[in-house]
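K.L.:
using only what follows, build the 3D model:
(2 chains)
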Number of protein chains: 2
Amino acid sequence: MRYELYYWPSIQGRGELVRLALEEAGADYVDIARRPGKGLGVPAMNRFLGGGKITSPPFAPPFLKAGRLVIGQTANILAYLGPRHGLTPKNEAGRLWVNQVQLTISDFVAEIHDTHHPIVNSLYYHQQKPEAKRRSKHFTAERMPKFLGYFEKALAGQGKKHPFIAGKLSYADLSLFQVIAGLRYAFPRTLAKQSKDYPLLMDLHDRIAVRPNIAAYLASKRRIAFNQYGIFRQYPELDR
Amino acid sequence: MRYELYYWPSIQGRGELVRLALEEAGADYVDIARRPGKGLGVPAMNRFLGGGKITSPPFAPPFLKAGRLVIGQTANILAYLGPRHGLTPKNEAGRLWVNQVQLTISDFVAEIHDTHHPIVNSLYYHQQKPEAKRRSKHFTAERMPKFLGYFEKALAGQGKKHPFIAGKLSYADLSLFQVIAGLRYAFPRTLAKQSKDYPLLMDLHDRIAVRPNIAAYLASKRRIAFNQYGIFRQYPELDR
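P.N.:
Okay, the predicted model is just below:
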């Protein structure tokens, strides 16, 4: 089956967590909004967001079309893809755990986004800069260590022979890779200071980056570069 | 099986979304942190949050102990309970849709929380009041109608014969009840002004409230009253 991924064409954003899973799996997919042509591009995405006759409308991108299914919400898409591509454990306890970690990553990603948009997404960063500086100060001092410390501990809990969040590679490991890569872009000073406390997480990032399918993806044009429009943005004044 | 629910004992919070599902299902459960006694109360909850030897540690309450499973993250707990208690469709498409709605409710709940805590949870409201006022202005004008409009449309999409978010009652309907009840407490003026735009959602709230198990629960001491410590707080200055 050829999947259709619908996400903004110029940012990594939450869509990247889905792209990484599809790429690791070597799945056949079309990144619809990035393709020019009839029935493609952003207008094709907006058709679903308008709603129309669909009984399971997405609230926002990303969403995935898989045959007749239209699946929204990043963690929901990954929970669908996981068992189909060997990216989550086969037993229920393992699947629940991977989903639990993914939802915690979702919470973390939302907090990362709100460092530069603490008031509302519809205003520019420069229109909420004082609030962004205040939120980021607490984010880097309290929230970032809390989340990273949790993931580090969860990794440690799997034991030395099982260097992934659920023992074997899962989509949550790919998302953790993306979070570390993003923090390295957005908060390089803070991460450099804190990273010694998270050796397993840093090692996980490095091991994911060199997996053949991921390395090929990262080197390809399919990987959009980090930029100032996504979740992870480089504002040095927020990174103290 | 007797479930063990772990959540803060003095607020509804995210735990309430789990409580409502357990109550509607008539499930056997113990609300551990609200019970006095040895091995109960908040210390029993903190034992899990400390981590210890558990391989699937929760990041935060709520979490549910179901036999040997310890399940964290509200939407993950509900995805576990749903098929066991007839609170989600039997087919995969329906289960994915209910989970998708639930995750959108999670996003909405997080935004509602951040109206009074836009900077960080570790500071008091009065320490971030100017930012809270600014965030709430945009929340009531933009975000609240966006989310409520989405849920209304999703309800409409099910057709007149199927007055629930997935046709038949699901845990997501119970959570929508809670969101409307909470908004009525926290943003009474705003909701009064906007509610005419959401007749299906308001009707859903009213129909859930009178379901026998839910009505009995709401009238019982098990239902904690809304208060100024939870997600939904009554600050009139935020409700313009």
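K.L.:
most centrally placed residue in chain A?
P.N.:
When CA atoms, centre = their mean is applied to chain A, the residue found nearest the centroid is A:Leu17 (3.5 Å).
K.L.:
ok, that one touching A:Gln178?
P.N.:
Yes: under the criterion of CB atoms under 8 Å, A:Leu17 lies in contact with A:Gln178, with a separation of 6.0 Å. Just so you know, the C-beta spots here come from the backbone N, C-alpha and C atoms, and that holds for glycine as well.
K.L.:
can you give me the strands in chain A?
P.N.:
Taking DSSP state E to define them, one finds strands in chain A at A:3-6, A:29-31, A:63-66, A:69-72.
K.L.:
would you reformat those strands as CSV and include distance to chain B, mean neighbour count and mean pLDDT?
P.N.:
CSV is the format used below for the strands of chain A (distance: least, CB to the nearest CB, whole Å; neighbours: other CB atoms under 10 Å in any protein chain shown; pLDDT from 0 to 100):
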stretch, distance to chain B, mean neighbour count, mean pLDDT
strand A:3-6, 14, 23, 98
strand A:29-31, 18, 17, 97
strand A:63-66, 9, 22, 98
strand A:69-72, 5, 22, 97
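K.L.:
tabulate those (CSV), appending distance to A:Pro118.
P.N.:
Formatted as CSV, the strands of chain A follow (distance: least, CB to CB, whole Å):
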stretch, distance to A:Pro118
strand A:3-6, 28
strand A:29-31, 30
strand A:63-66, 27
strand A:69-72, 25
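K.L.:
residues in contact with A:Phe187?
P.N.:
Shown in contact with A:Phe187 (CB atoms under 8 Å, 6 or more residues apart in numbering or on different chains): A:140, A:144, A:238-239.
K.L.:
what is the nearest of those residues to B:Asn76?
P.N.:
When these are compared for distance to B:Asn76 (CB to CB), A:Met144 comes out closest, at 22.9 Å.
K.L.:
with only the CA atoms kept, save the worst-scoring helix or strand of chain A on mean pLDDT in PDB.
P.N.:
Between all helices and strands in chain A, the lowest mean by mean pLDDT, DSSP states H and E belongs to helix A:41-50, at a mean of 90. Extracted C-alpha coordinates of helix A:41-50, given in PDB (Å, rounded to 0.1, in the frame of the first residue of the first chain):
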ATOM      1  CA  GLY A  41       0.400  20.300  -3.000                       C
ATOM      2  CA  VAL A  42      -1.100  22.300  -0.100                       C
ATOM      3  CA  PRO A  43      -4.500  22.600  -1.700                       C
ATOM      4  CA  ALA A  44      -4.900  18.800  -1.600                       C
ATOM      5  CA  MET A  45      -4.200  19.000   2.200                       C
ATOM      6  CA  ASN A  46      -6.600  21.800   2.800                       C
ATOM      7  CA  ARG A  47      -9.400  19.900   1.100                       C
ATOM      8  CA  PHE A  48      -9.300  17.500   4.100                       C
ATOM      9  CA  LEU A  49      -9.000  20.300   6.700                       C
ATOM     10  CA  GLY A  50     -12.100  21.900   5.200                       C
END
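K.L.:
touching that helix from outside, list them.
P.N.:
With CB under 8 Å, 6+ apart as the criterion, helix A:41-50 contacts A:6-9, A:32-33, A:35, A:54, A:57-58, A:60-61, A:63, A:70.
K.L.:
average pLDDT across the lengthiest helix in chain A?
P.N.:
Ranked by residue count under DSSP state H, the longest helix found in chain A is helix A:92-116. Mean per-residue pLDDT for helix A:92-116: 98.
K.L.:
now for it, which elements pack on it?
P.N.:
helix A:74-84, helix A:129-138, helix A:144-156, helix A:171-186, strand B:69-72, helix B:74-84, helix B:92-116 (3 or more CB pairs under 8 Å, 6 or more residues apart in numbering or on different chains; DSSP states H and E).
K.L.:
could those go into TSV alongside distance to B:Gly41?
P.N.:
Formatted as TSV, these follow (distance: least, CB to CB, whole Å):
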stretch	distance to B:Gly41
helix A:74-84	32
helix A:129-138	30
helix A:144-156	23
helix A:171-186	32
strand B:69-72	18
helix B:74-84	21
helix B:92-116	25
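K.L.:
for the nearest residue to A:Leu69 once chain neighbours are set aside, give me its contacts.
P.N.:
Spatial nearest neighbour of A:Leu69, excluding adjacent residues (CB to CB, 6 or more residues apart in numbering or on different chains): B:Ala93 at 5.8 Å. By CB under 8 Å, 6+ apart, the contact set of B:Ala93 is A:56, A:68-69.
K.L.:
what about 10 Å?
P.N.:
By CB atoms under 10 Å, 6 or more residues apart in numbering or on different chains, the contact set of B:Ala93 is A:55-56, A:67-71, B:166.
K.L.:
how many neighbours does A:Pro83 have?
P.N.:
A count of nearby residues for A:Pro83, using other CB atoms under 10 Å in any protein chain shown, gives 12.
K.L.:
residue contacts, it?
P.N.:
A:Pro83 touches A:89-90, A:95, counting by CB under 10 Å, 6+ apart.
K.L.:
and these, which is closest to chain B?
P.N.:
A:Arg95 (9.7 Å; CB to the nearest CB).
K.L.:
pretty sure A:Tyr6 is touching A:Lys65, no?
P.N.:
Yes: assessed by CB atoms under 10 Å, A:Tyr6 is found in contact with A:Lys65 at 7.1 Å.
K.L.:
residues shared between the contacts of the two?
P.N.:
A:30, A:32, A:48.
K.L.:
show me which of the contacts of helix A:41-50 are buried.
P.N.:
Neighbour-count burial (16 or more other CB atoms under 10 Å in any protein chain shown) applied to those gives A:6-9, A:32-33, A:57-58, A:60-61, A:63, A:70.
K.L.:
okay, and for chain A, where does confidence drop off?
P.N.:
For chain A, residues meeting the criterion pLDDT under 70 lie at A:51-52.
K.L.:
per-domain residue ranges of it.
P.N.:
Listed by automatic domain parsing, the domain ranges of chain A are A:3-84, A:92-211.
K.L.:
closest to B:Thr104 out of those?
P.N.:
domain A:3-84 (4.7 Å).
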